[in-house]
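[1] Next input, structure requested:
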Amino acid sequence: MQINSAYIHIPFCEHICYYCDFNKVFLKGQPVEKYVEMLLYEMQLTLNEFPAKQLNTIFIGGGTPTVLNEEQLELLCKGIRKNLPFHQNIEFTFEANPGDLSEEKLKILKEYEVNRLSFGVQSFNDELLKKIGRTHTANEVYQTIEKAQKAGFDNLSIDLIYGLPGQSEADFKQTLQKAFELDLPHYSSYSLIVEPKTVFYNLMKKGKLHLPSEESDANMYNILMDEMDKFGYNQYEISNFSKPGFESRHNLVYWNNKEYYGFGAGAHSYVNRKRRSNIGPIKKYIEKLQSNQLPILEENEITKTEMMEEQMFLGLRKNEGIDIDGFKRKFSVNVLDFFYEPIHDMVQKGWLEVNNGYIRLTREGRFLGNEVFQSFLAI
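    Next up is the predicted model:
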C-alpha cells in the first residue's frame, strides 16, 4: 500500500457563503489552536497505523484555511512539515479567499514550501458576488493575485461558478474574459448545485431563488469549453482547465481512484481499501482525539466490484478517460467485457466513445456526466 497524498480540512470561516455545504463553522469563539493541535495529533496517530514514505501532494481546504491568523497559520504549517513526509517535488496547495492573504501570511506559506494557491473567486461581477454571499470584490481578486505573484507564487488557480441566480450568459462570458486577463496557469469552473442545509436551498424551497434555465446553464458550459480552448487551456477534467504541466496533481489522485489520507473534522480518506469519514462537529472531533482515538465517524471496506465502479465514474471525469490496459493491469478484468452493457448503451447514445485504447466521454456526454456515471453503479 503506497499512499502519496493528503487532504487537510480547516473548517473555519468568517462568513458562510449561501451555496456552501462543506463542513464549516463561524471562526469567532472557536478553539482554533486546540483544533490545530488535535489535527496534528490525528496525523501522528494515522501515520503510526498507516505509514507513508513520502507525499507527492498535500491540499489544505475548508472552510477557509487562510482565515487563520499568522500565529495559527505558522503553527499549522510547522506541524504539517514535522508530521508529514514531503517528496522533494511535492505539490503543496492552500485554498484561499481573495482579501484574506496579508504579505505576512504569504511569507509564512512560502517559508513552509506551499507552492500552489487556489482562490475561491466565483465571479468578477460585484453584484453577483453579493447575491451569493461572498464578501470580496473583483478588485480584491486582482490585488490578492498580484500580492501572491510578488511573494513568488506562480502556480495559481481560481474557481468560478456559473448558473448563479440572475446570471446571464453574457455576464459569464465577461467573467471569463476578466479571468483570462490574469493569465493564470489553471482554472476550475463549476455549475451551481443547490445542496440541502444551505441558504440557497432554503430560498429555493420558498420559491425565492431564481436560477438560469437548464438550457442557459448548458450554454454557459459550452461557452466555458469554447473560451478555454480559444485561450489555450486544456480541459483535462469535466470542470478543470490548465496550461501544460499545471494540472492539479492532487485532484488527479481522486480521479485516478488512488488512496489518500484525510485529516480534520469532516474530512474523508481512502486508506487500506477503506473509505472513511471523520466526525464533523469540532468539539466532538477534539474530544475523540483527546481520548487518543482516531475521530472516525464511518468506515466502509470497498469490494473489488465497488472499486471497479469507482474507477469508471471517477476516471470518466478526466478527458483522457479510462485506460483499457491500465484497468486490466489493476483489476485483472477486461473493462469492455465487465461493463459491456452500459458502455454499449452509452456509445449508442453518443455519450461515450472507445478510441485508441481509452473509453471517454464525448463532448455531448460531458453535459450528461451524472447519467453516464450512474449507469456503472450496481452492475
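[2] As PDB, could you dump the C-alpha coordinates of the helix or strand hosting Asn202?
    Using DSSP states H and E, the element containing Asn202 is helix 199-205. Extracted in PDB, the C-alpha atoms of helix 199-205 (Å, rounded to 0.1, in the frame of the first residue of the first chain):
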ATOM      1  CA  VAL A 199     -29.100  29.400   2.400                       C
ATOM      2  CA  PHE A 200     -29.900  28.800  -1.300                       C
ATOM      3  CA  TYR A 201     -31.700  25.600  -0.500                       C
ATOM      4  CA  ASN A 202     -34.000  27.300   1.900                       C
ATOM      5  CA  LEU A 203     -34.700  30.100  -0.600                       C
ATOM      6  CA  MET A 204     -35.400  27.600  -3.300                       C
ATOM      7  CA  LYS A 205     -37.900  25.800  -1.100                       C
END
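[3] Low-confidence stretches in the stretch 1-150 of the chain?
    1, 15-16, 18-24 (pLDDT under 70).
[4] Please enumerate the strands of it.
    Applying DSSP state E, counting those that start in this stretch to the stretch 1-150 of the chain gives strands spanning 5-10, 12-13, 25-26, 55-62, 86-96, 116-122.
[5] Make JSON lines out of these and add distance to Phe263 and mean neighbour count.
    Placement of C-beta: from N, CA and C, glycine included. Listed next are the strands of the stretch 1-150 of the chain as JSON lines, based on distance: least, C-beta to C-beta, whole Å; neighbours: other C-beta atoms under 10 Å:
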{"stretch": "strand 5-10", "distance to Phe263": "5", "mean neighbour count": "25"}
{"stretch": "strand 12-13", "distance to Phe263": "15", "mean neighbour count": "19"}
{"stretch": "strand 25-26", "distance to Phe263": "17", "mean neighbour count": "14"}
{"stretch": "strand 55-62", "distance to Phe263": "10", "mean neighbour count": "22"}
{"stretch": "strand 86-96", "distance to Phe263": "14", "mean neighbour count": "19"}
{"stretch": "strand 116-122", "distance to Phe263": "18", "mean neighbour count": "24"}
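[6] Make TSV out of the ones you listed and add distance to Leu176.
    Formatted as TSV, the strands of the stretch 1-150 of the chain follow (distance: least, C-beta to C-beta, whole Å):
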stretch	distance to Leu176
strand 5-10	28
strand 12-13	27
strand 25-26	32
strand 55-62	24
strand 86-96	21
strand 116-122	11
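[7] what's around the closest residue to Gly315 other than its chain neighbours, how many residues?
    Leaving aside its sequence neighbours, Gly315 sits nearest to Ile322 (C-beta to C-beta, 6 or more residues apart in numbering; 4.5 Å). Residue crowding around Ile322 was assessed by other C-beta atoms under 10 Å; the count is 22.
[8] how far away is Ile322 from Leu252?
    14 Å (C-beta to C-beta, to the nearest Å).
[9] same thing with Asp183?
    Relative to Leu252, and taking C-beta to C-beta, Asp183 is found at 23 Å.
[10] Between the two, which is the more surrounded one?
    Leu252 (18 against 10).
[11] Okay, and the spatially most central residue of the chain sits in which element?
    By C-alpha atoms, centre = their mean, the chain has its centre lying nearest to Asn251, at 6.5 Å. According to DSSP H and E, Asn251 maps onto helix 249-255.
[12] which strands and helices sit next to that helix?
    Helix 249-255 is packed against strand 5-10, strand 55-62, strand 86-96, helix 304-315, with contacts defined by 3 or more C-beta pairs under 8 Å, 6 or more residues apart in numbering; DSSP states H and E.
[13] The helix or strand that that helix is followed by - what's its average pLDDT?
    Using DSSP H and E, the helix or strand that directly follows helix 249-255 along the chain is strand 261-263. Mean pLDDT, strand 261-263: 98.
[14] Leaving out chain neighbours, which residue sits closest to Ala52?
    Ile3 (5.0 Å).
[15] which ones are touching the one you found?
    Ile3 sits next to Phe50, Ala52, Leu55, Glu259, Tyr260, Tyr261, Val271 when contact means C-beta atoms under 8 Å, 6 or more residues apart in numbering.
[16] how is this protein carved up into domains?
    With domains defined by automatic domain parsing, the chain comprises 5-255, 304-374.
[17] would you list those domains in JSON lines and tack on distance to Leu297?
    What follows is those, written out as JSON lines (distance: least, C-beta to C-beta, whole Å):
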{"stretch": "domain 5-255", "distance to Leu297": "11"}
{"stretch": "domain 304-374", "distance to Leu297": "19"}
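[18] Nearest to Ala265, out of these?
    domain 5-255 (5.2 Å; C-beta to C-beta).
[19] Just give me how far the closest one sits from the chain centre.
    7 Å (C-alpha atoms, centre = their mean, to the nearest Å).
[20] Output stretch 245-261 as PDB, nothing but the C-alphas.
    Backbone C-alpha positions of stretch 245-261 (Å, rounded to 0.1, in the frame of the first residue of the first chain) are rendered in PDB as follows:
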ATOM      1  CA  GLY A 245       2.100  20.800 -16.800                       C
ATOM      2  CA  PHE A 246      -0.200  22.800 -14.400                       C
ATOM      3  CA  GLU A 247      -2.900  20.200 -13.900                       C
ATOM      4  CA  SER A 248      -3.900  19.700 -10.300                       C
ATOM      5  CA  ARG A 249      -1.900  16.700  -9.300                       C
ATOM      6  CA  HIS A 250      -3.800  16.400  -6.100                       C
ATOM      7  CA  ASN A 251      -7.300  16.200  -7.700                       C
ATOM      8  CA  LEU A 252      -5.900  13.700 -10.200                       C
ATOM      9  CA  VAL A 253      -5.300  11.400  -7.200                       C
ATOM     10  CA  TYR A 254      -9.100  11.400  -6.700                       C
ATOM     11  CA  TRP A 255     -10.000  10.900 -10.300                       C
ATOM     12  CA  ASN A 256      -7.400   8.100 -10.700                       C
ATOM     13  CA  ASN A 257      -9.100   6.500  -7.700                       C
ATOM     14  CA  LYS A 258      -5.900   6.300  -5.700                       C
ATOM     15  CA  GLU A 259      -5.700   6.200  -1.900                       C
ATOM     16  CA  TYR A 260      -5.100   9.300   0.200                       C
ATOM     17  CA  TYR A 261      -5.200  10.500   3.800                       C
END
